[in-house]
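Visitor: Please work out how this folds:
(chains A, B, C and D)
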Protein chains: 2
Amino acid sequence: MFRIGDFSRIARVSARLLRFYDEIGLFTPAHADPQTGYRYYTVTQLAQLNRILVLKDLGFNLDQVRDVLSSNVGTAELRNMLLLRRNDVELTLAAESHRLRHIETRIAQLESDGALSAEDVVVRAEPARRFLSLRRTVPSFSAGRKLIVELRNHAQQFLPKRCPHTLIVIAHSPQFEQDELDVEFGYAIDDDELKINVPAGAIVELRELEAIERMAVCVRVGLPEDAHLVTAKIGRFLEASGDILAGPSRELFLQAPDLDRMHEAVIEMQFPVRSHASDEILSQYESR
Amino acid sequence: MFRIGDFSRIARVSARLLRFYDEIGLFTPAHADPQTGYRYYTVTQLAQLNRILVLKDLGFNLDQVRDVLSSNVGTAELRNMLLLRRNDVELTLAAESHRLRHIETRIAQLESDGALSAEDVVVRAEPARRFLSLRRTVPSFSAGRKLIVELRNHAQQFLPKRCPHTLIVIAHSPQFEQDELDVEFGYAIDDDELKINVPAGAIVELRELEAIERMAVCVRVGLPEDAHLVTAKIGRFLEASGDILAGPSRELFLQAPDLDRMHEAVIEMQFPVRSHASDEILSQYESR
DNA sequence: GCTTGACTTTGCCGTTACGTCAAACTGCAC
DNA sequence: GTGCAGTTTGACGTAACGGCAAAGTCAAGC
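Guide: Alright, predicted model coming up:
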């Protein structure tokens, strides 16, 4: 029988932690003096404690450790938990190596430019949403603007009064095409539950706007004519980070005023990206 | 000027987070109505917020983000911070891939044995300490036991009354030698500040016991004759985890009673280990 | 038996970066 | 005026502990 101090020195665990584990019922002393409250541990408890530490090392949280130890879980379930853990660790591993590459990008930038550029480009995930849209091939962007009116006219009848929706323009043709632009104008529906019925023959079409796992995003204020500034920024970002474009870009109208006051518009430009190198690094771990 | 809800939707961060950032002074709204307390944000603040998100993405905590943004840090300092971050990320990366290998080891064990074996072997770091010892070559372990008495007799004069110390036995010769055992008996001094003077001619010698980064550890109770059980356990652990032995093993007497009651002793067996595979994985990232 | 110092107890606060209510107040449309 | 969506502050919860303080306990020395 050891008192908590001796036991903590032997087990190389702080006495505070032993008390904590006692408190949460994860690891209770073999004996506790009812008078004084003193905790007494036995050598055989060293093995128990070590089991806890091992499971913790594997990345399980204390609730899971408790479950495993109290044998609430059988072998099969334990195997599943381990497989889940492996998955999690692989994800964090991938995320961390991504992060590492970003950091190195920044260091390189700092050394060449002396400043952080491309600093307002952010990468994030974009969820899937329903999309009520029409798609056309137009000769120019300015011609495309008329499509906004057309979209509004044809879409409004299918949208309930107070249905939140966002105007999104998708550029299906590659950036620097000649004078044939394949663009899609549509409203993204935020409410997933809402029922919308669009007949087959309608001019607008209801489809799913795909989710994008990694979307490089930059906000622009003002006329679409300023878009090239943002494009250049994204270009520098891609160059620096080693990512590549992975799909048609989108323009999301965060704040869309009337057509005659477009310079007050707030537009988020979205570019799906894919990491060129991370696949290799990932396969490292996936191949085991 | 946006109210917090619109701004949060545009920036894709929760309103609660914006209030929190305001509260901690990281990101304050461009304007706040003194009457109502309503927060108002401008489009230009989107860029500021994005800068914050980028730095957070790189793994900086909010204090560091604040420092970087308030330009308390120059370019050189920022570079240093990035280098430090890179180091940290590389460490977590290495730790995670270690963890992944451990998890896979456990899965494999589970699939072959149907149970978790080697479960009470723990790997941890061992700090460097001063070591007051004598080293001999003896024919057998039982002969070695006399060395405990000799050590005590010769070491006591150099140790102050209440100096905490731990008996450690180091097996310098490989595990399964013939009948020549190179062993070292000594006391590890816990108090680093304490001055200890050992003359050059003394039988015991004061040296530094090296720190071990990864020490596989297992606690044993009772006679040294039972040591082979633990050795076998460690062996299985190494086999399963793919680690290899990386130095002389140690026996640390956690609770050393009198010589005639050795069966009550609590002994921690320590085996320095090195990961065979992790070096390759690490070099992956170190080579950039 | 008494003192002293080392040890232990409980309890409360702090950490990080937010999420989750709850009650009260505001803005805006009808 | 009224309803309702939006906003405010505030308090509490998270995971896994570390730190500190006041009070009680143990064992050894006198």
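Visitor: where do the helices sit along chain A?
Guide: A:4-11, A:15-23, A:44-57, A:62-69, A:75-113, A:141-155, A:227-241, A:278-286 (DSSP state H).
Visitor: Might one say that residue A:168 is in contact with residue A:209?
Guide: Yes. Contact criterion CB atoms under 8 Å: residue A:168 and residue A:209 qualify, at 7.2 Å. Heads up, the C-betas are built off the backbone N, CA and C, glycines and all.
Visitor: hmm, back to that, looking at the helices of chain A, which has the lowest confidence?
Guide: Looking over the helices of chain A, mean pLDDT reaches its minimum on helix A:278-286, with a mean of 45.
Visitor: separation between residue A:190 and chain B?
Guide: Note on residue A:190: its distance to chain B, by CB to the nearest CB, to the nearest Å, is 9 Å.
Visitor: how many neighbours does that residue have?
Guide: Residue A:190 has 13 neighbouring residues, counting by other CB atoms under 10 Å in any protein chain shown.
Visitor: same deal with residue A:71?
Guide: Residues lying near residue A:71 (other CB under 10 Å) number 8.
Visitor: Likewise for residue A:11?
Guide: For residue A:11, the count of nearby residues is 22 (other CB under 10 Å).
Visitor: One more: residue A:230?
Guide: Around residue A:230 there are 19 residues (other CB under 10 Å).
Visitor: hey, what's in contact with both of residue A:168 and residue A:209?
Guide: Common neighbours of residue A:168 and residue A:209, using CB atoms under 8 Å, 6 or more residues apart in numbering or on different chains, are A:131, A:186, A:188.
Visitor: quick one: which of those residues is most hemmed in?
Guide: residue A:186 (25 neighbours).
Visitor: That one touches residue A:129, doesn't it?
Guide: No. Counting by CB under 8 Å, residue A:186 stays clear of residue A:129, with 10.1 Å between them.
Visitor: Mutual contacts of these two, please.
Guide: With CB under 8 Å, 6+ apart, residue A:186 and residue A:129 have common neighbours residue A:209.
Visitor: For burial, what's the neighbour tally of the residue of the stretch 1-150 of chain A found nearest DNA strand D?
Guide: In the stretch 1-150 of chain A, the residue that lies nearest DNA strand D is residue A:61 (2.9 Å; CB to the nearest atom of the strand). With neighbours defined by other CB under 10 Å, the count for residue A:61 comes to 10.
Visitor: quick one: residue A:88 from residue A:95, how far?
Guide: Going from residue A:88 to residue A:95 by CB to CB, to the nearest Å gives 10 Å.
Visitor: And these two? Which one has more around it.
Guide: Under the neighbour definition other CB under 10 Å, residue A:88 and residue A:95 were set side by side, and residue A:88 has more, 15 against 12.
Visitor: Could you check how far the nearest residue to that one once chain neighbours are set aside is from residue A:47?
Guide: Nearest non-adjacent residue to residue A:88, counting by CB to CB, 6 or more residues apart in numbering or on different chains: residue A:59, 7.0 Å away. Using CB to CB, residue A:59 is found at 21 Å from residue A:47.
Visitor: Likewise for residue A:100?
Guide: Residue A:100 sits 38 Å away from residue A:47, going by CB to CB.
Visitor: Of these two, which one has the most company?
Guide: Taking other CB under 10 Å, residue A:100 and residue A:47 do not tie; residue A:100 has more neighbours (22 against 14).
Visitor: count of neighbours near the closest residue to the more buried one other than its chain neighbours?
Guide: Among residues not flanking residue A:100 along the chain, residue B:89 sits closest, at 4.7 Å (CB to CB, 6+ apart). Residue B:89: 22 surrounding residues under other CB under 10 Å.
Visitor: Kindly check the end-to-end length of stretch A:35-48 for me.
Guide: 26 Å (CA to CA, to the nearest Å).
Visitor: ignore the last one, stretch A:57-67
Guide: 15 Å.
Visitor: Please see if it touches DNA strand C.
Guide: No. Stretch A:57-67 lies out of reach of DNA strand C by CB under 7 Å from any atom of the strand, never closer than 13.8 Å.
Visitor: Let me know the pLDDT of the spatially most distant residue from the centre of chain A.
Guide: Here chain A reaches farthest from its C-alpha mean at residue A:35, the gap being 53.7 Å by CA atoms, centre = their mean. With respect to pLDDT, residue A:35 scores 91.
Visitor: Equivalent analysis for the one 5 residues further on, please.
Guide: Looking at residue A:40, its pLDDT stands at 96.
Visitor: how close does it sit to residue A:7?
Guide: 8 Å.
Visitor: higher neighbour count, the two?
Guide: Between residue A:40 and residue A:7, counted using other CB under 10 Å, residue A:7 has the larger neighbour count: 24 against 16.
Visitor: and the residue lying closest to the more buried one once chain neighbours are set aside, what does it touch?
Guide: Nearest residue to residue A:7, sequence neighbours excluded (CB to CB, 6+ apart): residue A:41, at 4.1 Å. The neighbours of residue A:41, taking CB under 8 Å, 6+ apart as the test, are A:1-4, A:7, A:18, A:29-30.
Visitor: do the same with residue A:49
Guide: Shown in contact with residue A:49 (CB under 8 Å, 6+ apart): A:11, A:13, A:27.
Visitor: circling back: bridging across strands, which residues link to the residue nearest to residue A:7?
Guide: Residue A:41 has these beta-bridge partners by DSSP bridges: residue A:2.
Visitor: sorry, back to before: which one of the contacts of residue A:49 sits closest to residue B:196?
Guide: Nearest to residue B:196 out of the contacts of residue A:49 is residue A:11 (CB to CB; 27.6 Å).
Visitor: Residue A:130: what's its closest spatial neighbour, skipping adjacent residues?
Guide: In space, residue A:130 is closest to residue A:189, 4.4 Å off (CB to CB, 6+ apart).
Visitor: Check whether that neighbour really touches residue A:127, as I assumed.
Guide: No. Residue A:189 is beyond contact range of residue A:127, at 12.0 Å (criterion: CB under 8 Å).
Visitor: Neighbour count for those two, which is higher?
Guide: A direct count of neighbours by other CB under 10 Å for residue A:189 and residue A:127 places residue A:189 higher, at 21 against 10.
Visitor: Now do that one, the pLDDT please.
Guide: We have a pLDDT of 84 for residue A:189.
Visitor: how much space is there between it and DNA strand C?
Guide: Counting by CB to the nearest atom of the strand, to the nearest Å, the gap from residue A:189 to DNA strand C is 21 Å.
Visitor: burial of residue A:142, as a residue count?
Guide: 10.
Visitor: meant to ask about residue A:208
Guide: 9.
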